[in-house]
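A.B. asks: Starting from these lines, generate the structure:
(one chain, ligands or ions: 1)
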Amino acid sequence: MAKKSLNLNLRKASTAKKDEFYTQLSDIENELRHYKDHFKNKVVFCNCDDPRVSNFFHYFSYNFEHLGLKKLITTCYKSQDMDLFSEQKSEKAIYLEYTGDKNGNKVPDPEEIGIQYLKSDGDFRSPESIELLKQADIVVTNPPFSLFREYVAQLVEYEKKFIIVGHQNAITYKEIFKLIKENKIWLGYGFKGGAGHFINKQYEDYATACDHREGMIRVSGVHWFTNLEINKRHEDLILFKNYISEAYPTYDNYDAINVDVTKEIPVDYKGAMGVPITFLDKYSPEQFEIIDGLNRYSILDGPTEETRGKYLAQVNGNPCYVRIVIKNRKL
Ligand SMILES: C[S@@+](CC[C@H](N)C(=O)[O-])C[C@H]1O[C@@H](n2cnc3c(N)ncnc32)[C@H](O)[C@@H]1O
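C.D. replies: Prediction:
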């Protein structure tokens with residue numbers, strides 16, 4: 001094999017491995033309790049989930065009657081690692097449909113959830129998987145982070161409702177940021193302390209001793225992304241600081257003031273304000289309008305004639321981390 005394609009294959013394998021971690025049932029329960037009303041009579045699709053190991057499948061199959069679901073569809077991608085949870089060795093992609101308890105014991109029995117084989121590899125972009133997506137009302141999963149842009153684009157293209165896990169860095173991807181600005185996607189309730197512990201038996205966890213849990217990796221900056229209505233999204237952030245020019249300097253190359261901490265957004269400032277991306281966790285579209293995102297350039301526009309060579313999120317020559325530019329709608 002040529003060296004170049006070997007390197008590419010190794011890189012792909014390493015990315016695939018990084019995508020192999022599994023969501024805990026407790027984290028799924030913590031988030032989904034806020035969405036219960038959305039599920040009545042709906043078809044739920046988990047399209048990156050091996051039902052033999054996925055807690056998303058576990059959650060929806062065991063809560064099928066409680067949520068009043070119509071159908072649960074789960075597909076899994078071909079196994080990335082033959083040793084994964086060693087009892088279940090299979091390279092084949094599988095899929096199943098569960099339509100609820102038939103024998104009255106309120107438990108999803110094996111004969112009620114027969115596993116079927118997919119013809120293709122179960123890629124969420126495959127025609128087979130897309131046919132299943134078309135049947136779905138709500139997609140719920142933790143998809144591969146390395147394909148997050150494509151994953152969300154497909155959900156938007158097929159006009160699906162979703163609740164999915166992603167990394168907060170995705171907020172700064174142009175395609176995702178645009179959806180956030182247009183109020184087509186927002187953050188859910190999130191993981192405790194802004195970090196998730198995921199089941200992973202393959203690679204080392206670098207969490208500190210007090211945060212280390214056996215068989216798990218700690219991933220900071222993970223969040224839930226959704227387009228389903230939740231109460232949190234309509235709660236105003238309580239603001240208490242007044243604007244004074246010394247405390248809120250303007251950017252060197254962009255017409256907005258810099259706010260380093262979300263809770264210190266001045267209550268009385270009408271103009272554009274740059275805030276950290278963690279602001280999105282508190283964002284209500286009735287209270288604020290999102291204008292743009294800034295790092296070196298505008299997240300939406302990229303470099304332009306005017307901005308090329310300048311750093312936009314910068315105060316007195318010092319670059320800040322990424323900023324979201326907002327305006328208070330209520331002033
Ligand atoms: C972060 S893991 C989460 C697994 C599971 N959803 C969960 O939360 O426990 C992402 C999963 O997506 C699968 N995957 C990777 N590429 C995929 C693709 N193109 N189509 C469907 N699934 C894929 C991986 O094999 C991996 O199991």
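
A.B. asks: Number of residues surrounding residue 140?
C.D. replies: A total of 27 residues lie near residue 140 under the criterion other C-beta atoms under 10 Å. (Each C-beta comes from the backbone N, C-alpha and C, glycine too.)

A.B. asks: brain fart, residue 320
C.D. replies: Using other C-beta under 10 Å: residue 320 sits among 18 other residues.

A.B. asks: List the contacts of it.
C.D. replies: Contact analysis of residue 320 by C-beta atoms under 8 Å, 6 or more residues apart in numbering lists 258, 260, 274, 313-314.

A.B. asks: For the ligand, give me its nearest residue in the stretch 201-331 of the chain.
C.D. replies: At 9.2 Å from the ligand, residue 219 is the closest residue in the stretch 201-331 of the chain, using C-beta to the nearest ligand atom.

A.B. asks: That residue: which element?
C.D. replies: Element membership for residue 219 (DSSP states H and E) is strand 216-220.

A.B. asks: what is the rounded mean pLDDT of that strand?
C.D. replies: Strand 216-220 shows a mean pLDDT of 90 in the predicted model.

A.B. asks: so which helix or strand takes in residue 129?
C.D. replies: Residue 129 belongs to helix 127-135, assigned by DSSP H and E.

A.B. asks: shouldn't residue 291 be in contact with residue 327?
C.D. replies: Yes. If you go by C-beta atoms under 8 Å, residue 291 and residue 327 touch, sitting 6.2 Å apart.

A.B. asks: Need the overlap of contacts for the two.
C.D. replies: Shared contacts of residue 291 and residue 327 (C-beta under 8 Å, 6+ apart): residue 272.

A.B. asks: Tell me how many other residues crowd the nearest residue to residue 285 once chain neighbours are set aside.
C.D. replies: Excluding the flanking residues, the one nearest residue 285 by C-beta to C-beta, 6 or more residues apart in numbering is residue 183, at 5.2 Å. Neighbour count for residue 183, taken as other C-beta under 10 Å: 13.

A.B. asks: Follow the chain on from the worst-scoring helix or strand of the chain on mean pLDDT and name the next helix or strand.
C.D. replies: Lowest mean confidence among the helices and strands of the chain (mean pLDDT, DSSP states H and E): helix 3-18, at a mean of 56. Using DSSP H and E, the helix or strand that follows helix 3-18 towards the C-terminus is helix 25-32.

A.B. asks: What residues sit buried inside that next one?
C.D. replies: 27-28, 31-32 (16 or more other C-beta atoms under 10 Å).

A.B. asks: Run the chain-centre distance for stretch 116-123.
C.D. replies: With C-alpha atoms, centre = their mean, to the nearest Å as the basis, stretch 116-123 stands 24 Å off its chain's centre.

A.B. asks: pretty sure residue 177 is in a strand, no?
C.D. replies: No. Secondary structure of residue 177 (DSSP: H, G, I helix; E, B strand; the rest coil): helix, not part of a strand.

A.B. asks: residue contacts, it?
C.D. replies: 171, 293, 299-300.

A.B. asks: Give me the residues contacting the helix holding residue 129.
C.D. replies: For helix 127-135, the surrounding residues in contact (C-beta under 8 Å, 6+ apart) are 43, 45, 47, 71, 73, 75, 95, 118-120, 122-124, 139, 154, 158, 160.

A.B. asks: After that helix, which helix or strand is next? Please name it.
C.D. replies: In N-to-C order, the element after helix 127-135 by DSSP H and E is strand 138-141.

A.B. asks: Counting by contacts, list what that following strand packs against.
C.D. replies: strand 43-46, helix 55-62, strand 161-167 (3 or more C-beta pairs under 8 Å, 6 or more residues apart in numbering; DSSP states H and E).

A.B. asks: Parallel or antiparallel, which strands does it pair with?
C.D. replies: Strand pairing for strand 138-141, determined by DSSP bridges: strand 43-46 (parallel), strand 161-167 (parallel).
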